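1. Quick one: sequence plus predicted model below, questions after.
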Amino acid sequence: MSKIRLILADDHALVRSGLRMLLEAQPAMEIVAEVENGREAVEKTLEIRPDIVLMDVMMPDMNGIEATRIIKESVPETAVMALTMYEDEQYFYEMLKAGASGYVPKRAAPEVLVTAIHTVARGEVFLYPSMAAHLVNSYKQKDDDESSALSELTPREIEVTKLIADGLTNQEIGDHLGISVKTVDRHRENIMHKL
C-alpha cells in the first residue's frame, strides 16, 4: 500500500516541525514538502501533486483560503485539509467553499489529526465536532429557508450532523443509529457535498 503523501503549509516553523515528528511516526504517511505561505503551497502542489495539503488558514503572502481555491481548481485530485487555530464560522465556511475536505483545529488531539488524514485520503470528508456544530447551528437558524443549502440535507444527514457535533466517532454514530461505519462515512461525504 502506498503512503499518503503530504505537504505541510504553515507559517510557523515550530508547528511544521511538530507536525513532521507526529506524522513521520505514522508508517502510512510521508511528508513530501513544507511551505510557509499559501503561494508556496500552490507552487509545491503543482510541482509534487501530493495526496493532501495540510493548510493553515491565515498565512502571509497568500492565505490558505485563496491557496485552497487555486489548488482545487488546478489539481482537483489533491485534497486540502484545514489545520488551523481559527474555529469561527467565517473561516470554516470559506475553507469549505474553497474546496477543503476537512477542518481540524490545532487544539485537536494528535490521534484526531491522524484519523482526519486517513479519512480525507479515502476521498471522504472530516469535520471536527466543534465545526460540525456550526453546521447544526446554521441549520437551526435557517430551518425555514428553503433556498438554504442546509435544507438539502435529509433527516438522516441532519441526525448524523448533530451526532458529529456532539463529538461522537463514526463507530459511535453507527452504533447509535444502527447503521454501519461505512454508511456513516457516506452520510458525512454527502453532507459535505451538499453544503
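-> Arrived safely, thanks for sending. Numbering: from 1, shown residues only.

2. Quick check on residue 6: phi, psi?
-> Torsion angles at residue 6 (phi, psi; degrees, to the nearest 10) stand at phi -120, psi 140.

3. wait, residue 83
-> phi -130, psi 100.

4. nearest residue to it other than its sequence neighbours?
-> Leaving aside its sequence neighbours, residue 83 sits nearest to residue 54 (C-beta to C-beta, 6 or more residues apart in numbering; 4.7 Å). C-betas here are computed from N, CA, C, even on glycine.

5. What is the three-state secondary structure of residue 33?
-> Under the three-state scheme (DSSP: H, G, I helix; E, B strand; the rest coil), residue 33 adopts strand.

6. How confident is the prediction for it, by pLDDT?
-> If you check residue 33, the pLDDT there is 98.

7. repeat for residue 150
-> For residue 150, the predicted pLDDT is 62.

8. what do you get for the one 10 residues further on?
-> The score at residue 160 is 89. That number is its pLDDT.

9. now swap in residue 118 and tell me
-> 95.

10. In this structure the residue nearest to residue 83 contacts residue 4, no?
-> No - contact criterion C-beta atoms under 8 Å: residue 54 and residue 4 do not qualify, at 10.8 Å.

11. just to revisit the earlier point, how about the residue nearest to residue 83, what does it touch?
-> 6-10, 19, 81, 83, 117 (C-beta atoms under 8 Å, 6 or more residues apart in numbering).

12. again, but for residue 24
-> 30-31.

13. what is the mean pLDDT for stretch 60-70?
-> Here stretch 60-70 scores 95 as its mean pLDDT.

14. What's the separation between residue 129 and residue 45?
-> Here residue 129 is placed at a distance of 28 Å from residue 45 (C-beta to C-beta, to the nearest Å).

15. out of these two, which sits in the busier spot?
-> Applying other C-beta atoms under 10 Å to residue 129 and residue 45 shows that residue 45 carries more neighbours, namely 26 against 16.

16. Look up phi and psi at the more buried one.
-> phi -70, psi -40.

17. do you know how far it is from residue 74?
-> Plainly put, residue 45 is 8 Å away from residue 74 if you go by C-beta to C-beta.

18. same check, this time on residue 49
-> Distance of residue 49 to residue 74, computed by C-beta to C-beta: 10 Å.

19. Residue 24 too?
-> For residue 24, the distance to residue 74 - C-beta to C-beta - is 27 Å.

20. repeat for residue 108
-> 28 Å.

21. same deal with residue 15?
-> 25 Å.

22. More neighbours: which of these two?
-> residue 15 (16 against 12).

23. shared neighbours, residue 54 and residue 4?
-> Joint contacts of residue 54 and residue 4 (C-beta under 8 Å, 6+ apart) are residue 117.

24. Now do the SS call for residue 185.
-> Residue 185 is classified as helix under three-state DSSP.

25. surely it meets residue 124?
-> Yes - the criterion here is C-beta under 8 Å, and residue 185 meets it with residue 124 at 5.2 Å.
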